[in-house]
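Sequence unavailable; structure follows:
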Ligand SMILES: *Cc1c(COP(=O)(O)O)cnc(C)c1O
Ligand SMILES: [Zn+2]
C-alpha cells in the first residue's frame, strides 16, 4: 500500500520523524546520562539502566483512535524500516532516522489459537505467539534489531568507528547478535561467549554460520556473563546482552504486537512468558505500561512469569508476600530443558522489581504473578502442544506448563484469554525431544518419558527382500515391483489398513 491511499487524517503521522529526548536513567541512584555514548551500567553506582524519553508526554496529544489507525495503516505500508519492530517507532526509538534502521524480518510473529483439545486440557482459551518465527528463530531478534540499529546510527553520526560487539549467551542471544552484526560487516564484528556443552548444536551453528568469533567457556551462563562484564568494563567493546537497555526497547515490540493482534483490547488477557535473565519480562511489562500511559490500551493485561524448579530465583523472591521482607538470593542452577532460561542470577532483577511495583500500582491491584514448574511438565506440555499443531520450544512448553499451574492456583480463571510466549522455534531444542523419545534423559533432569506421547521412527526392511534401491543404483522391473509391494504390505500391516 502506498501513503497516498491512506486516509488524509492519518497520512501526516505515518512516516515517523526524529523526535523525543532519550536518556539512560539509573535504577539505583536516578542519575541521568546522555545516549551519545553506549552505557550499560550507572557511571556513579554501577546499577542497571533503563532508557526513558523525557518528552514522552507529547505522545498523549494523539488520540487512542488515531494511534490505533496509525499502527494499522503503517502495517500495510511497504517501507522496510517500518516493517519490523520500528512500526512502533515513537515507542521504541523515536530518535532513530529511518535510514539507520536494520530490518532483517523480525517481529510481527503469528498468534495461533490452540485447538479445542488443548484448550480443554489447559482449562482455558489460549494462543501461542510464535516468537520462534523470527529470523534467528527466537525473540532475541527484537532486541538485537534495536541494539544494532542504534549502533548503526552511532556509526553514521561518527560517534563510533569500528565496533566489536560482544555477548554472553545461553545460545539464542549469540545467534541473534551474530546475525544482526553480520549485516553491518565489516564495520561491526562480533564475538560471542557460550557455556561449553550448554547450548544445542543448532544454537552453536548459528553464530558460526554468521561469521562471529565463538568462544566456549567452562561453567554455566552466569560465569560467561561475568567474563563478558569484565571485558566490557576494561576494553572498548559494545555489549549486546540485555544489560544493554537498547535490547529491552526492541523487545517491548512483543507487547505492542499483542495489543494490536487483539484490537487493542487487553480486558481479560493474560500474557505468559518464561524468565531467564529477566530482560524479556522487563520489556514486556514496560511495553504494556507505555501503551497504557498514552491511552492506546485501557487495561493492563495480567503478566505471568514462569521459571523451572531448577532455575527459579525470581519465583523464590516473590514467594515472600511482604515487599519489605523480600530479599533477592542468587541460586546455583540445575540442568534444565528450558536451557535459555537456566540462569541463577538474572541481570535484570532490579528492573523486574521496579517494573512489577509500577505495573501493580498502575492497575490498582496485583497483575503480575510468578509460578514455577517441574522439568517433567515442561517437556510433557511442549510435546503435547506440538502434537496439536504448534511449534513450541521447551520454553514455550514451560510457559504453557506455567499457565496450567496458574489456572490450578486460581491466579487466572477460565474466562480469561491467555497469550503464551513460545520464545524460540522447536527445532532449536529438538535434542531434548530426542532425549525424551529415546528415553535418554540424564537423571539430573528428572524427566521420565510418558509412553503415550513418545514417538520414534520405524525402519521397514523385510528380511525376505533381497534387493533394495541405493543412491545411484535404482531397481528395475520385477525387482522394483517386488520392493514396492513388500514395503507397502509391511506398512499396511502396521497401520492396520483395510483394502479398498
Ligand atoms: C533468552 C531466552 C529466554 C529468557 O529470556 P530473558 O530475557 O533472559 O528472561 C527464554 N527463552 C528463550 C528461547 C530465550 O532465548
Ligand atoms: Zn546510579
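Everything's here; your move. All of these numbers come straight from a predicted model, not from anything done at the bench. Ligands and ions are numbered 1, 2, ... in the order given.

Every contact and neighbour count from this point should use C-alpha atoms.
OK.

Go through the helix or strand residue 480 falls within and flag the buried ones.
Following DSSP states H and E, one finds residue 480 within helix 477-495. Neighbour-count burial for helix 477-495, counted by 16 or more other CA atoms under 10 Å, picks out 482-483, 486.

Output these in JSON lines, with pLDDT and distance to residue 393 appended to each entry.
Putting these into JSON lines (pLDDT from 0 to 100; distance: CA to CA, whole Å) gives the following:
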{"residue": "482", "pLDDT": "96", "distance to residue 393": "42"}
{"residue": "483", "pLDDT": "97", "distance to residue 393": "39"}
{"residue": "486", "pLDDT": "97", "distance to residue 393": "38"}
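
Could you dump these into JSON lines with distance to residue 79 added?
Shown next, in JSON lines, are the buried residues of helix 477-495 (distance: CA to CA, whole Å):
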{"residue": "482", "distance to residue 79": "58"}
{"residue": "483", "distance to residue 79": "55"}
{"residue": "486", "distance to residue 79": "57"}
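
any idea how far ligand 1 is from the single nearest residue of the stretch 401-500 of the chain relative to ligand 2?
Here the stretch 401-500 of the chain gets closest to ligand 2 at one residue, residue 423, 31.4 Å apart by CA to the ion. According to CA to the nearest ligand atom, to the nearest Å, residue 423 and ligand 1 sit 4 Å apart.

my read: that residue touches residue 130, true?
Yes - the pair residue 423 and residue 130 qualifies as a contact (CA atoms under 8 Å) at a distance of 6.8 Å.

Residues of the stretch 151-300 of the chain that sit close to ligand 1?
Applying CA under 6 Å from any ligand atom, we find that the stretch 151-300 of the chain lies next to ligand 1 at 172, 274-280.

Please flag which of those sit within helices.
172, 279-280 (DSSP state H).

Considering those residues, which is situated nearest to ligand 2?
Distances from ligand 2 to these, taken by CA to the ion, are shortest for residue 279, at 18.8 Å.

Enumerate every residue touching the closest one.
242-243, 248, 347-348 (CA atoms under 8 Å, 6 or more residues apart in numbering).

ok, so of those residues, who is nearest ligand 1?
residue 242 (7.1 Å; CA to the nearest ligand atom).

Now do the same for that closest one: helix, strand or coil?
Following DSSP: H, G, I helix; E, B strand; the rest coil, residue 242 is assigned to coil.

wait, doesn't it sit right on residue 249?
No - here residue 242 does not reach residue 249: they are 10.0 Å apart, not a contact under CA under 8 Å.

So between these two, which is more surrounded?
More crowded of residue 242 and residue 249, by other CA atoms under 10 Å: residue 249, with 28 against 25.

show me what contacts the residue lying closest to that one once chain neighbours are set aside?
Leaving out its chain neighbours, the residue that sits closest to residue 249 by CA to CA, 6 or more residues apart in numbering is residue 92, at 5.3 Å. Residues near residue 92 by CA under 8 Å, 6+ apart: 85-86, 146, 249-250, 252-253.

Next to ligand 2 in this structure, residues from the stretch 351-500 of the chain, please.
Nowhere does the stretch 351-500 of the chain come near ligand 2, counting by CA under 5 Å from the ion.

ok so, going back, which among the contacts of residue 279 count as buried?
Of the contacts of residue 279, these count as buried by 16+ other CA under 10 Å: 242-243, 248, 347-348.

Using a markdown table, please lay out those residues together with distance to residue 382 and pLDDT.
As requested, these are exported to a markdown table (distance: CA to CA, whole Å; pLDDT from 0 to 100):
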| residue | distance to residue 382 | pLDDT |
| --- | --- | --- |
| 242 | 26 | 90 |
| 243 | 29 | 93 |
| 248 | 27 | 98 |
| 347 | 27 | 94 |
| 348 | 26 | 97 |
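
if we can go back for a sec, quick one: the residue of the stretch 401-500 of the chain closest to ligand 2 and residue 95, what's the gap?
As for residue 423, its distance to residue 95 is 28 Å (criterion: CA to CA, to the nearest Å).
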